[in-house]
Each structure stands twice: as structure tokens, then as C-alpha cells.
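Asks: from the sequence below, what's the structure:
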Amino acid sequence: MEQELVICNGQRMIKGWPEQIQAAQLQPTYIIGGVERERVRYGEEAEDWGADRQPCRDCGVIKGQFHVINCDVERCPGQAITCDCGYELENGDD
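Replies: This is a model prediction of the structure:
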């Protein structure tokens, strides 16, 4: 069965993914070791991930937006998907 595609941030993505992007914008922090830390928006990373040229290659956000939770490009005060910081969301999920 073929998945339905929609356009968001100028690119095609699976239906329902724009809602994931919207939800990520409501989660500005992670809890790391009991300390609340600001998430890094796409384009604010120390490395150039191409935010001035294209949406995130993994989750499709545009410059200035928070990545979708568990995006492999997102940086936490480390790298969210591969760091060992044990981050949690504000609601206690990880």
C-alpha cells in the first residue's frame, strides 16, 4: 500500500508528519540529569547542516524550527539520538 504524501516546508513527506513537526515546536526543552536545557533549533548548530539551503534532511523542519523528537540531525547539548545524556521530555517521556 502506497503512503499518501503531502507538502510541508516545501518538500514532500508522509501524511501526518507535518503534525509531528508542529508538536516538536511545543517542546522547547529536554530534561538532562534533572536539569532543564534548551533544545537547539535547526540552523543554530555549531556545524553547518545546510539550514540556509534546505529543510533538515532527516525530519524536514526549516531553519529556526525545533527538530522532530529523535531526529538524527538534532543536537542536544550533545546529539540527541546518539548522546548518552539520557534526556527526557518535559512530560517525563524519553
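Asks: contacts only, for Q3.
Replies: Applying CB atoms under 8 Å, 6 or more residues apart in numbering to Q3 gives the contacts 14-15. The C-beta positions use only the backbone N, C-alpha and C, and glycine is treated the same way.
Asks: and the gap between it and I14?
Replies: 5 Å (CB to CB, to the nearest Å).
Asks: try D48
Replies: D48 is 27 Å from I14, by CB to CB.
Asks: more neighbours: which of these two?
Replies: I14 (13 against 9; other CB atoms under 10 Å).
Asks: what packs against the worst-scoring helix or strand of the chain on mean pLDDT?
Replies: Each helix and strand of the chain was given a mean pLDDT (mean pLDDT, DSSP states H and E); the minimum falls on strand 29-32 at a mean of 83. Applying 3 or more CB pairs under 8 Å, 6 or more residues apart in numbering; DSSP states H and E, we find strand 29-32 packed against strand 35-38.
Asks: residues contacting P55?
Replies: So P55 contacts 9-11, 61-62 (CB under 8 Å, 6+ apart).
Asks: now neighbour count too, for the residues you listed, in CSV please.
Replies: Listed next are the contacts of P55 as CSV, based on neighbours: other CB atoms under 10 Å:
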residue, neighbour count
N9, 17
G10, 9
Q11, 15
V61, 25
I62, 17
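Asks: one step back: for the least confident helix or strand of the chain, output the C-alpha coordinates as CSV.
Replies: Extracted in CSV, the C-alpha atoms of strand 29-32 (Å, rounded to 0.1, in the frame of the first residue of the first chain):
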residue,chain,number,x,y,z
THR,A,29,13.5,21.9,26.3
TYR,A,30,14.8,18.5,27.4
ILE,A,31,15.5,17.4,31.0
ILE,A,32,19.1,16.1,31.2
